[in-house]
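> Task: produce atomic coordinates for the following.
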Amino acid sequence: MKEIIAIIRRDKVSETKKALEEIGYPSMSLQSVEGRGRQKGDMCAEMDSEMPESFCAAVKLKPTPSTYAMEHTLPKVALYVPKKMLTIVVPDEAVEEIVKVIIKTNQTGRHGDGKIFVAPIESAMRIRTSETNDLALS
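Next comes the predicted model:
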């Protein structure tokens, strides 16, 4: 079993859930997260792909401080971009297909498309029935 963690743009969640459902993997967990990459919180990287390329240059958007930074006094404001994190645990043989679908659905070619991490899972158990491992995933 593997855990797939995908950090994606917020506006791509519905499309991603639909694409995963179409290939038979509707079960997942979803969390709102904040983070930053090489752009250090540049919100232009997060903008809708419908915006013209010149928009970010013409309008100097400022990144937003994280919720934590707003609630606490920090020596330097930490800037983070809001994202969504999907987590899905699947059998080993499904990983490649799911990763391809997530990439196809979320790839815009712009900064901020996200990241995918794949990690091993030692065991799983469904609490209601005590089913374990692959049986617990279905």
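> mind checking which helix or strand of this structure has the lowest mean pLDDT?
Each helix and strand of the chain was given a mean pLDDT (mean pLDDT, DSSP states H and E); the minimum falls on helix 54-58 at a mean of 49.
> What ranges does the protein have for its strands?
Taking DSSP state E as the criterion, the chain contains strands spanning 2-8, 29-35, 81-90, 115-120.
> Check which helices and strands the shortest one sits against.
To tie it back to what came earlier, the one meant is strand 115-120. Of the remaining helices and strands, those touching strand 115-120 by 3 or more CB pairs under 8 Å, 6 or more residues apart in numbering; DSSP states H and E are strand 2-8, helix 95-106. From N, CA and C alone the C-beta is placed, and that goes for glycine too.
> Looking at these, spot the one closest to residue 113.
Taking CB to CB, helix 95-106 is the member of the helices and strands packed on strand 115-120 nearest to residue 113, at 5.6 Å.
> what about the closest one, average pLDDT?
If you average the pLDDT over helix 95-106, you get 98.
> That helix packs against which elements?
Secondary-structure packing of helix 95-106 (3+ CB pairs under 8 Å, 6+ apart): strand 2-8, helix 13-22, strand 81-90, strand 115-120.
> okay, now residue 37: neighbour count?
Neighbour count of residue 37, defined by other CB atoms under 10 Å: 15.
> still on that earlier bit, could you dump the helices and strands packed on strand 115-120 to a markdown table with mean neighbour count and distance to residue 21?
Output for the helices and strands packed on strand 115-120, formatted as a markdown table (neighbours: other CB atoms under 10 Å; distance: least, CB to CB, whole Å):
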| stretch | mean neighbour count | distance to residue 21 |
| --- | --- | --- |
| strand 2-8 | 19 | 15 |
| helix 95-106 | 15 | 10 |
